[in-house]
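In: Sharing a model that was predicted from the sequence below.
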Amino acid sequence: MVFFCLLPSLLTIFASMETIPKADCEKVGFIKKTHGVFGEIVLEFETHFEASVENADRFFIELDGLLVPFFVLEDGFRFKTENTAIIIFDGVNSEKYAKRMVGSSVFLFKTEIIVSPDEFTDSELINYLLIDELLGEIGLIGQVDNYSGNIVLTVNFRNKELLVPFNVDFLVHLDKRNKIIKLKLPEGLLDD
């Protein structure tokens, strides 16, 4: 009887909680099956998300239409094949619990997606808007040159040609849909 009295207030609390907007996330794979009897799951992911998946400490699992965060236990991640990983989530400690997730889509925030330079061609970056993490908008990329593996972006910055070295370590975010690349540029590069 007490449960039924609490039910309306619990529903109000859950209804007022903020949900994770799916538009802010990118699907990286799905829960393929359980592994063992202690709640381990097998995540099957697209191979170009390998670095993102490996570095994630939390995934969003789509359950009943909502993205629910699940945190990876320390040492709770290991690759099984080139596109699957065995994961142990905090609080998921039985096969029965893990089975509820099988078939569910798995997401990460778009800002957590690690883009490898191998995933795009140099010429794709032409006409991308270059944004610096600290200074903001720099300008459109007009040319991309590859000098023996050293990529240099040419940008019109304050009516001057600016040569920007590109390295995956500088990459903060790549938005292919809106043609925006955000970098953490080396100090002193934009000094006059």
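Out: In hand now; what should we look at?
In: This structure: strands as residue ranges?
Out: Remark: strands assigned in the chain by DSSP state E are 25-35, 40-45, 58-63, 66-81, 84-89, 105-109, 129-132, 136-147, 150-157, 160-166, 171-175, 180-183.
In: Nearest to residue 189 among those strands would be which one?
Out: Distance to residue 189, taken as CB to CB, is lowest for strand 160-166 among the strands of the chain, at 6.8 Å. All C-beta spots, glycine's among them, are computed from the backbone N, C-alpha and C.
In: who does that closest one pair up with?
Out: Strands that pair with strand 160-166, judged by DSSP bridges, come out as strand 150-157 (antiparallel).
In: Report the angle between the partner strand and strand 136-147.
Out: 140 degrees (axes from the mean of the first three to the mean of the last three CA atoms, to 10 degrees).
In: excluding its backbone neighbours, what's nearest residue 54?
Out: Once flanking residues are discounted, residue 54 sits nearest to residue 77: 7.1 Å by CB to CB, 6 or more residues apart in numbering.
In: what's around the one you found, how many residues?
Out: By other CB atoms under 10 Å, the residues close to residue 77 number 17.
In: quick one: contacts for it?
Out: 54, 85-88 (CB atoms under 8 Å, 6 or more residues apart in numbering).
In: confidence score at residue 139?
Out: Looking at residue 139, its pLDDT is 90.
In: count of residues packed around the closest residue to it other than its chain neighbours?
Out: The shortest distance from residue 139 to any non-neighbouring residue, by CB to CB, 6+ apart, is to residue 155 (4.5 Å). Residues lying near residue 155 (other CB under 10 Å) number 18.
In: Surely residue 155 touches residue 142?
Out: Yes - Residue 155 lies in contact with residue 142 (CB atoms under 8 Å); the separation is 6.7 Å.
In: so how far is residue 180 from the nearest residue to residue 80 once chain neighbours are set aside?
Out: Sequence neighbours aside, residue 86 is the residue nearest to residue 80 in space, at 5.3 Å (criterion: CB to CB, 6+ apart). Relative to residue 180, residue 86 is positioned 35 Å away (CB to CB, to the nearest Å).
In: same question, residue 148
Out: From residue 148 to residue 180 the distance is 27 Å (CB to CB).
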